[in-house]
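A.B. asks: got a structure for you, letters missing:
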């Protein structure tokens with residue numbers, strides 16, 4: 001009997017987590033697709049976003065952070081360099097190394113895309129009831145803090 005109760009609770013938790021995961025995926029997809037400035041691919045948008053938030057990276061670090069191979073990141077950076085979004089600069093801490101940094105044009109595209117995503121999320125939240133809006137405005141920052149805490153411990 002005890003196992004049946006535990007199995008039911010686990011199934012309920014799994015169902016709640018699954019529903020929440022689907023909602024998060026739909027929200028992220030909606031907000032991501034709302035950003036059109038610069039006409040960037042998903043990979044380029046993610047890379048310029050990281051450079052805009054975190055500053056210059058070595059190519060190998062950027063590839064690792066973005067979860068792609070170094071050859072793929074090299075090709076992406078080369079394409080972004082041709083369009084003036086990024087540039088390669090010497091690493092002042094290690095003369096042998098090169099950093100990839102966003103140009104002013106790249107930072108402007110990053111800011112435009114972030115503003116587009118923020119507007120899309122704000123419009124979406126605006127369609128909710130007031131209690132739902134408050135719940136989202138409380139829950140999302142709390143989840144972001146939990147992620148940051150987890151990353152700090154890894």
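C.D. replies: Yep, that arrived. All figures in this text were calculated on a predicted structure; none of them were measured in a lab.

A.B. asks: State the helix or strand in which the residue most central in space within the chain lies.
C.D. replies: Nearest residue to the geometric centre of the chain (Cα atoms, centre = their mean): residue 46, 6.3 Å. Applying DSSP states H and E as the criterion places residue 46 in helix 42-54.

A.B. asks: Could you check how many residues crowd around the residue lying closest to the residue nearest to the centre of the chain once chain neighbours are set aside?
C.D. replies: Excluding its sequence neighbours, the residue lying closest to residue 46 (Cβ to Cβ, 6 or more residues apart in numbering) is residue 66, at 5.9 Å. Backbone N, C-alpha and C define where each C-beta goes, glycine included. Residue 66: 17 surrounding residues under other Cβ atoms under 10 Å.

A.B. asks: Check residue 133 too.
C.D. replies: By other Cβ under 10 Å, 13 other residues sit near residue 133.

A.B. asks: Quick check, it in contact with residue 125.
C.D. replies: Yes. Counting by Cβ atoms under 8 Å, residue 125 is a contact partner of residue 133 at 5.5 Å.

A.B. asks: for the helix holding residue 46, packing partners?
C.D. replies: Where contact means 3 or more Cβ pairs under 8 Å, 6 or more residues apart in numbering; DSSP states H and E, helix 42-54 is packed against helix 59-66, helix 70-82, strand 86-91, strand 94-102, helix 104-126.

A.B. asks: Mind listing residues that contact it?
C.D. replies: With Cβ atoms under 8 Å, 6 or more residues apart in numbering as the test, helix 42-54 has contacts from 32, 35, 38, 40, 57, 62, 65-66, 68, 72-73, 76-77, 79-80, 85-86, 100-102, 106-107, 109-111, 113-114.

A.B. asks: go on, stretch 31-41?
C.D. replies: Residues outside stretch 31-41 that contact it (Cβ under 8 Å, 6+ apart): 42, 44-45, 48, 85, 109, 112-114, 116-117, 119-121, 124.

A.B. asks: 7 Å instead?
C.D. replies: If you take Cβ atoms under 7 Å, 6 or more residues apart in numbering as the criterion, stretch 31-41 is touched by 45, 48, 109, 112, 113, 116, 117, 120, 121.
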